[in-house]
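Colleague: Just to be clear, the model below is a prediction. Sequence and coordinates:
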Amino acid sequence: MENLMKSSTLKSDRSGFTLLEMIVAMTVIAVTLGLTVPFFRNELQAFSAIAGRDDAQQNARYGVSMIDRELRVAGVGVLDAQPLIVQAAPYAVTFNVDLVSRIPADMGAAYYDPDIDPAAAASLPQATKITLPLSASIQYPDTGYNQSTGIPSEAETVSFWVAPDPDPSANGTYALFRRVNAMPATVVAKALVLPTGEPAFRYFKADTLGALIEIPQASLPLYHSAKIHNSKADSAKSALTDSIRVVRVRITGQYTDRKGVKQLRPIETGVRIMNAGLLHFKTCGDPPILSSVINAVVTTVPTTKVTLSWVPSVDQGSGEKDIEQYAVYRRISTQTLFTEPMASIPGGSASYSFTDTQVTSGDKLIYGVSAVDCGGQVSAVQQTVTVTIP
């Protein structure tokens, strides 16, 4: 029994750590933490700095990319009387372009988007004129731009500008804004800064030898103040907007490095205005002729719908033989003008029809059809009588 007690006592004495062992272990742990914590802290700071730098760069690059994509096609779809560049300022630019259409067969627009708001897919009417961004009181347009058939131009008015970010968390930084027609402005890029002496937009024109020269910043801002492009009133500073061939865009993002110092990440590109200075030539002869009566028949079984029918333009099978499509329009009877076509029908058939199922009981509608040739010229719009939906 005594031997068993001694053995138990020895095992009990050996089951723990001595004070010296604990001190050594704690010292090793402390040294290890002392070496690894600064390492991980430095790595975290480095990662945060790299992420912040990349965010600032990507943010600025996205803004520049959007401006490049849309400004590059400025002038697409504008009418002869409609200016290309409306505003050229150090921190704002406004231009006209048929950027987007809700009609898949619209050959005049740069892009197709069936979900776009109709107010952002047609020209800006005089009734809803806007104040140009960063201007004191310059409003646009002062006139309506209509095709020879009376249909408004399909070119929208697009603005980009850099201004203080109203977000309370912006900490005094700037944002890049975009607006189409009189639609609400949207934020394209945030956390931007405006370094002294570095405007967001610089403008270049060609000299007599074709070389690019910069329009002095002291001459800005420029506004196309003449109502009609290429009219007698389109002179001096108004005409100077027509001479712009390249827009230099520079947007600067900001981030904080691992030492807590604010660093700048500028993104810059030159946007050549591809359509600047081009004249509108009638490549497909005279405007087409459509003299057909447009018939409209309302049916209610199985669903309520309006079916239109018409015969081809005389220029489809004879004459200039240049008909590409037929544009279909719709308006309520209280409106005086058609806007953007609601549909486009390819040419080449012996007869045509179109069915409108998007009608509501009580609607009083007027439909129209025009022929469109290979150059985008349209005929006079042939209209139906008022169609009342039962």
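Modeller: Yes, it's here. Numbering: from 1, shown residues only.

Colleague: Who are the contact partners of the residue positioned nearest the centre of the chain?
Modeller: Computing the C-alpha centroid of the chain and ranking residues by Cα atoms, centre = their mean puts residue 70 first, at 6.2 Å. Contacts here follow Cβ atoms under 8 Å, 6 or more residues apart in numbering; on that basis residue 70 touches 97, 99, 158, 160. The C-beta positions use only the backbone N, C-alpha and C, and glycine is treated the same way.

Colleague: of those residues, closest to residue 304?
Modeller: When the contacts of residue 70 are compared for distance to residue 304 (Cβ to Cβ), residue 99 wins out at 34.2 Å.

Colleague: any idea how far the closest one is from residue 378?
Modeller: From residue 99 over to residue 378 the distance is 19 Å, taken as Cβ to Cβ, to the nearest Å.

Colleague: In terms of neighbours, single out the busier of these two.
Modeller: The residue with more neighbours, out of residue 99 and residue 378 and counting by other Cβ atoms under 10 Å, is residue 99; that gives 25 against 20.

Colleague: ok, the more buried one to residue 154 distance?
Modeller: Between residue 99 and residue 154 the distance is 10 Å, computed by Cβ to Cβ.

Colleague: again with residue 329
Modeller: As it turns out, when the distance is counted by Cβ to Cβ, residue 329 lies 12 Å from residue 154.

Colleague: same question, residue 134
Modeller: Residue 134 sits 27 Å away from residue 154, taking Cβ to Cβ as the criterion.

Colleague: More neighbours: which of the two?
Modeller: residue 154 (27 against 18).

Colleague: Domain map for the protein?
Modeller: Taking automatic domain parsing as the domain assignment, the ranges for the chain are 52-272, 295-388.

Colleague: Mean pLDDT lowest where, among those?
Modeller: When the domains of the chain are ranked by mean pLDDT, domain 52-272 comes last with a mean of 87.

Colleague: Can you give the distance from that domain to the centre of its chain?
Modeller: Centroid displacement of domain 52-272 relative to its chain, using Cα atoms, centre = their mean, to the nearest Å, is 9 Å.

Colleague: pull the longest strand from this protein.
Modeller: In the chain, taking DSSP state E as the definition, the longest strand is strand 244-256.

Colleague: List the buried residues of that one.
Modeller: By 16 or more other Cβ atoms under 10 Å, the buried positions in strand 244-256 come out as 244, 245, 246, 247, 248, 249, 250, 251, 252, 253, 254, 255.

Colleague: Between which two of these is the distance greatest?
Modeller: 245 and 255 (34.1 Å).

Colleague: Restrict stretch 120-133 to CA atoms and write it as CSV.
Modeller: Written as CSV, here are the backbone C-alpha positions of stretch 120-133 (Å, rounded to 0.1, in the frame of the first residue of the first chain):
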residue,chain,number,x,y,z
ALA,A,120,-34.1,59.5,-73.2
ALA,A,121,-34.4,58.1,-76.7
ALA,A,122,-35.5,61.2,-78.7
SER,A,123,-34.5,64.8,-79.1
LEU,A,124,-34.9,67.3,-76.3
PRO,A,125,-38.0,69.4,-77.0
GLN,A,126,-38.0,73.2,-76.5
ALA,A,127,-40.8,72.8,-74.0
THR,A,128,-38.5,71.0,-71.6
LYS,A,129,-35.3,73.0,-72.2
ILE,A,130,-32.5,72.5,-69.7
THR,A,131,-30.0,74.7,-68.0
LEU,A,132,-26.6,73.6,-69.2
PRO,A,133,-24.4,72.2,-66.4
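
Colleague: List the contacts of that stretch.
Modeller: Contact with stretch 120-133 is made by 82, 86-87, 92, 94, 96, 100-102, 109, 113, 137-145, 152-157, 159, 161, 163, 177, 179-183, 223, 339-340, as judged by Cβ under 8 Å, 6+ apart.

Colleague: For the nearest residue to residue 186 once chain neighbours are set aside, which residues are in contact?
Modeller: Nearest residue to residue 186 in three dimensions, chain neighbours excluded: residue 178, at 5.4 Å (Cβ to Cβ, 6 or more residues apart in numbering). Neighbour list for residue 178: 66, 158, 159, 160, 185, 186, 188 [criterion: Cβ under 8 Å, 6+ apart].

Colleague: And those residues, which of them are buried?
Modeller: Members of the contacts of residue 178 that pass the buried threshold by neighbour count (16+ other Cβ under 10 Å) are listed as 158, 159, 160, 188.

Colleague: Out of those, which sit inside strands?
Modeller: Per DSSP E, strands hold the following members of the buried ones among the contacts of residue 178: 158, 159, 160, 188.

Colleague: could those residues be laid out in TSV, adding distance to residue 215?
Modeller: As requested, these are arranged in TSV below (distance: Cβ to Cβ, whole Å):
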residue	distance to residue 215
158	20
159	19
160	18
188	24
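
Colleague: thinking again about what came up before, any idea whether the residue nearest to the centre of the chain is helix, strand or coil?
Modeller: In the three-state summary, residue 70 is assigned as helix, counting by DSSP: H, G, I helix; E, B strand; the rest coil.
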